[in-house]
Structures are given as C-alpha cells and as structure tokens.
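Trainee: just coords:
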C-alpha cells in the first residue's frame, strides 16, 4: 500500500518592515489630506483674517471696545416703536448744505494717518499701522456688514465711540430714549468697492473707506433697546446731527450727508500729536 506523504507549504513569517513599507504610502496620503482640509488659525470660514488685538496708549476711548462678537449688547427691539413724545431739537438748516465735505477732503485727511488700500482681507497681516476690531457695544450697533469689514485705525474707533456716547448722553439730557446709532459701513477693499459700485453710485473707486478712517452712520434707522420713551426717527436724526455738527466744529471729524444711501459719511480727523 502506497503511502502518500502530503507536504504542507511553509507559513510565511510576519514581517513588520514589509508591512510598514506597504502601509507607508497610504498613511502619508491620509496625513496630507488631513493637513489640507484642516483650517488654520489665520483664517475664518468666510475668508477673512482675524486681526490680532492691538493695545492703544493714546486713545483711551478704545480700551473698552467689545472684542467678543457674541455680545450681550446685540439684543434690541426688532423695529422702532411708535413715538410717544417729542424731543427738543435745535435744527440748523439744510443738512446737505451743512454737511458737504467733499470726498477730496475726506481722502486728504485719511491719507495723513490711515492705511494703504488693502488688496484683499488677507493683506491685513501686512499693515503698517495698527488697527482694532470694532463690534457692537453700549454706544453703537454694528449692522450686518456685506461690503466691508469691522476694522478701524484706533483714532477712528475712538471717534465712533465718542459719537455714540454723546448721542446717548444728549438723549438722556432731553428726557430719555434708549437708542443707539447704527453703523452701516466701515473698512472696504478695492474689490468690495467695485462690487458695491454696481449698486451704489456713491462708492467711487477712490472710496476713503479703504483707509480705515471712515464709517457710515444711518440717519434713517436707529436701534431701540427698549419701548419706553419712544422717539421718532426725525427727532433722533436731529439729535445726531447736533452731535456731528459739534464734533465737526471741534475739528474732530469730516461729515458728508449722503442722499442715495441714507447715512452720514464720516471721516475721523488725524489726532494732534
């Protein structure tokens, strides 16, 4: 009887080195994908750049600017309540004639201490002058910005705070009314100016908003924090006009009364050394 001896094939020994050689390309590919898909700390989801906080020594009114975009000051009534009283306003004639500082005047002032026009939002990192981020606070409300970014040179941030504070103080002195001014435009880039010009003929190529010294405040809408002591838009506009006129006479701002877009176009003047 023949005996058939079956020979088993020898088992291959496990080789860690060979296994790593096979897996290494796959591991490198996965790592590369993770790095490329992970957002860095330099940018936000909308492509904007987070500007580092800047400490300012000369403009004390900038110290308490809100830096948190999730702020308790963002709450307000959905619309202005019907007025239940009148304010005493010292009207001084046509606002268009009294606030008619030309774009040339705004630009000449801003060039003295403002930024160089930004090519895009990422060029914030190449700024020669410090800027601060501006968000809604007790004295003003920053509207949803579509064609601009909430950044200023420190002097402009201080002037905006002063306008808002004096506006609220003036309301309180005349009988009350819990309102804030609404900021509708701040820092623009050449690209956003080009986009805006399709809708707004006032947004010319040489828009001084590109220098970080200029902002717009609406005179057609104000932020009501409460329904008590409700005031009319016209009265609030009159009070704001008085504040702007006083600050203009004090040599702190230039102002242009815009008609196409219902706002005061304001440039902060260079502070004295």
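Mentor: Sure, I can see it. Predicted model, so just to flag it, every value in this text is computed and none were measured.
Trainee: drop to CA atoms for contacts and neighbour counts, all remaining ones
Mentor: Will do.
Trainee: Which positions in stretch 93-104 come out as buried?
Mentor: Buried residues in stretch 93-104, counted by 16 or more other Cα atoms under 10 Å: 95, 99, 101, 103.
Trainee: again with stretch 160-171
Mentor: In stretch 160-171, counting by 16+ other Cα under 10 Å, buried: 160-168, 170-171.
Trainee: What segments of this protein are strands?
Mentor: For the chain, the strands defined by DSSP state E occupy 132-133, 140-142, 151-152, 179-185, 214-218, 223-224, 253-258, 263-268.
Trainee: closest to residue 20 out of those strands?
Mentor: strand 132-133 (49.8 Å; Cα to Cα).
Trainee: Quick check: mean pLDDT of that closest one?
Mentor: Mean pLDDT, strand 132-133: 90.
Trainee: Over to stretch 166-176?
Mentor: The average pLDDT for stretch 166-176 rounds to 90.
Trainee: what residues does that stretch touch?
Mentor: Stretch 166-176 is contacted by residues 87-88, 139, 177-181, 229, 239-240, 243 when judged by Cα atoms under 8 Å, 6 or more residues apart in numbering.
Trainee: Now, of those, which are buried?
Mentor: Buried among the contacts of stretch 166-176 by 16+ other Cα under 10 Å: 87, 139, 177-181, 229, 239-240, 243.
Trainee: Run through the protein and note the low-pLDDT ranges.
Mentor: 1-14, 34-84, 118-129, 190-206, 273 (pLDDT under 70).
Trainee: thinking again about what came up before, from the buried ones among the contacts of stretch 166-176, which single one is nearest residue 259?
Mentor: Nearest member of these to residue 259, counting by Cα to Cα, is residue 240, at 16.2 Å.
Trainee: still on that earlier bit, let me know which of the strands of the chain is the nearest to residue 16.
Mentor: Using Cα to Cα, the strands of the chain put strand 132-133 closest to residue 16, at 54.6 Å.
Trainee: Who does the closest one pair with, and is each partner parallel or antiparallel?
Mentor: strand 151-152 (antiparallel) (DSSP bridges).
Trainee: can you list contacts of the strand it pairs with?
Mentor: 131-134, 186-187, 212-214.
Trainee: make it 7 Å
Mentor: Strand 151-152 has contacts (Cα atoms under 7 Å, 6 or more residues apart in numbering) with 131-134, 186-187, 212-213.
Trainee: and the residues you listed, which are buried?
Mentor: Burial by neighbour count, judged by 16+ other Cα under 10 Å, picks out 131-134, 186-187, 212-213 from these.
Trainee: export the strands of the chain to CSV and tack on distance to residue 28?
Mentor: As requested, those are exported to CSV (distance: least, Cα to Cα, whole Å):
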stretch, distance to residue 28
strand 132-133, 40
strand 140-142, 46
strand 151-152, 40
strand 179-185, 46
strand 214-218, 49
strand 223-224, 54
strand 253-258, 58
strand 263-268, 53
